[in-house]
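**Q** this is the structure alone, sequence omitted:
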């Protein structure tokens, strides 16, 4: 008989990312401005994609990642993905 795949919260440490980043950190304001700008571009992004086929990575996510790469002088996309794993600010 196969057991159930249940996760126990007592085995893991869960961190609320919003509590870990200072309230007045510049990235918070930048994120707000970028999200407002990307929201205004929703119609343009929708017009570029079809209703069928495999889903792509959302363009908003790619733009945010590129902006982080530029702002923090990350040399390559591979390094950016490495930093995403351990840098809480980037999340």
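**A** Now that the structure is in, tell me what you want to look at. Keep in mind it's a predicted model, so treat the numbers as computed, not measured. Numbering: from 1, shown residues only.

**Q** local confidence estimate at residue 5?
**A** Turning to residue 5, the model gives it a pLDDT of 51.

**Q** mind naming the longest helix for this protein?
**A** Of all the segments assigned as helix in the chain under DSSP state H, the longest by residue count is helix 26-40.

**Q** which residues in the chain form helices?
**A** Shown for the chain, the helices assigned by DSSP H span residues 17-20, 26-40, 42-48, 59-71, 77-86.

**Q** returning to that earlier point: model confidence over the longest helix of the chain, on average?
**A** Taken as a whole, helix 26-40 has a mean pLDDT of 92.

**Q** just the helices of the chain: most buried one?
**A** The densest packing among these, expressed as mean neighbour count by mean count of other C-beta atoms under 10 Å, is seen in helix 59-71 with a mean of 14. Backbone N, C-alpha and C define where each C-beta goes, glycine included.

**Q** so what does that helix touch, helix or strand wise?
**A** helix 26-40, helix 42-48, helix 77-86 (3 or more C-beta pairs under 8 Å, 6 or more residues apart in numbering; DSSP states H and E).

**Q** what's the angle from that helix to helix 26-40?
**A** Direction vectors for helix 59-71 and helix 26-40, defined by axes from the mean of the first three to the mean of the last three C-alpha atoms, to 10 degrees, enclose an angle of 140 degrees.
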